[in-house]
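In: task: produce atomic coordinates for the following.
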Amino acid sequence: MDSRDVTTDVINMIILTQAVVGTLGNFSLLCHYTILHITGYRLRSTDLIIKHLIVANFLVLLCKGVPHTMAAFRWKQFPSDAGCKLFMYLHRVGRGVSIGSICLLSVFQVIVVNPTKSRWAELKVKAPKCIGPSISLCWILQMLVNISFLIFIRGKGSDKNITDYKDFGYYFSIRHDKTKDALFAVLLSFPDVSCLGLMLWASSFMVFILHRHKKRVQHIHRTSTSTRSSPESKATKTILLLVSTFVYFYTLSSIFQVVLALLDNLSWFLVSVTASIAACFPAVSPFLLMSRDSSVHSLYFAWIRNAKSPASMRNM
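Out: So this is what the prediction gives:
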C-alpha cells in the first residue's frame, strides 16, 4: 500500500474536495432550515428527515474524508487506535442513517401522494407523527448494529500484535474464520438491504401514482393555460431524484466494497476510489435539495431585494 502515483494523488484531492464542498453544502442547507425556523416559516413534515440526513452526511464526509486525507498525505499526527475506531464507527452510523433517511422519505411520500379516499387515508393522518420516532429508532438501530464493527478493525496506532489483516491505509481490518466473517457481513448488511428494498418499492409505487395522476389530468392541462405542477408532485419528483442518485452511488460503492473484500492485497488507488464513490452522495445531495426547493429561491430573492433597497435609497 506504499506505492503512490499521480492518478492516486488526483483521487485523493477529489476526496478532499468532496469533503470540503460537501460540508459547505450541507452546512448551507442546515443554515437554510435554521433561518426558516427562526422566521416562523412552516416547515414540511419531511424537513425533519432531511435535517437528520444532513447530520448523517456530515458524519460520512468528515469521518471518512479526514482520516483518509491524513493517510494520503502522510500526516504525522494520526488518530490513535481509539480515535480511528471512533471515526470508522461514526462513519458507519452516518452511512446507515443516510440509507434509513432516504428510505423514510420515499415511504412517507408514498403515503402523502396516495389518494385521500384510498385505504392509506388513515396512514396519511398518522404518518407525520411517526417521523420523529422512526428517525430516532433508525439512529439507535445503527448505533447498536455497528458496535460489532469495532472488533474487526484496528487503528495504525494500535500496539496489539496483528498477524492476519488487510491494510486500508489508515486502519487494519482483522481477518477471522470465514463463517464468522460471513455472519458479520450479513449482520451489517441486513438493515441496509432491507431499507434499499423498501426504498425501491416506494419509488416504483410513486412513479406509478405520478403516471396515473398525469393521465387523469391530461385533458385539464390541454384546456388550462397553467401547467404548474402541484406541490406534492414537485416534492415527489425531488424525492425520486434523490432516491435515484442514492441508489446509483450506493450500488457502485457496494460493487467496489465487494471487490475490496475479495482481494487479499489492496492497492491504495482502489481504496481511494472506493472512498471517493462513497462520498459522492453526501456531497451532492444538499445541492440537489437546494436546487429544487422553492423556499431556498424565495429566501435568496428576498435577500437580494433587501440588499438592493438600501443601495437604491442612497442613490435617491
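
In: quickly find the element holding residue 173.
Out: Using DSSP states H and E, the element containing residue 173 is strand 171-174.

In: what mean pLDDT does whatever helix or strand residue 84 lives in get?
Out: Assigned by DSSP H and E, residue 84 falls within helix 81-113. Helix 81-113 comes out with an average pLDDT of 89.

In: sheet partners, orientation included, of the strand holding residue 173?
Out: In the sheet, strand 171-174 lines up against strand 153-155 (antiparallel), strand 165-167 (antiparallel) (DSSP bridges).

In: for residue 82, find the nearest of those.
Out: Minimum separation from residue 82 across the strands paired with strand 171-174 (C-beta to C-beta) falls at strand 153-155, 7.3 Å. From N, CA and C alone the C-beta is placed, and that goes for glycine too.

In: just the buried positions in the closest one, please.
Out: 153-155 (16 or more other C-beta atoms under 10 Å).

In: do you know which of the strands paired with strand 171-174 lies nearest residue 241?
Out: Closest to residue 241 of these, according to C-beta to C-beta: strand 153-155, at 34.5 Å.

In: tell me the mean pLDDT over the closest one?
Out: Here the average pLDDT along strand 153-155 is 77.

In: and what of stretch 185-194?
Out: For stretch 185-194, mean pLDDT rounds to 80.

In: for that stretch, list the C-alpha coordinates in PDB.
Out: Only the C-alpha atoms of stretch 185-194 are listed here, as PDB (Å, rounded to 0.1, in the frame of the first residue of the first chain):
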ATOM      1  CA  ALA A 185     -21.300  -9.200   6.800                       C
ATOM      2  CA  VAL A 186     -24.900 -10.400   7.000                       C
ATOM      3  CA  LEU A 187     -25.500  -8.600  10.300                       C
ATOM      4  CA  LEU A 188     -24.200  -5.300   8.900                       C
ATOM      5  CA  SER A 189     -25.800  -5.600   5.500                       C
ATOM      6  CA  PHE A 190     -29.300  -6.700   6.600                       C
ATOM      7  CA  PRO A 191     -30.600  -3.200   7.700                       C
ATOM      8  CA  ASP A 192     -29.200  -1.600   4.600                       C
ATOM      9  CA  VAL A 193     -30.600  -4.200   2.200                       C
ATOM     10  CA  SER A 194     -34.000  -4.000   3.900                       C
END
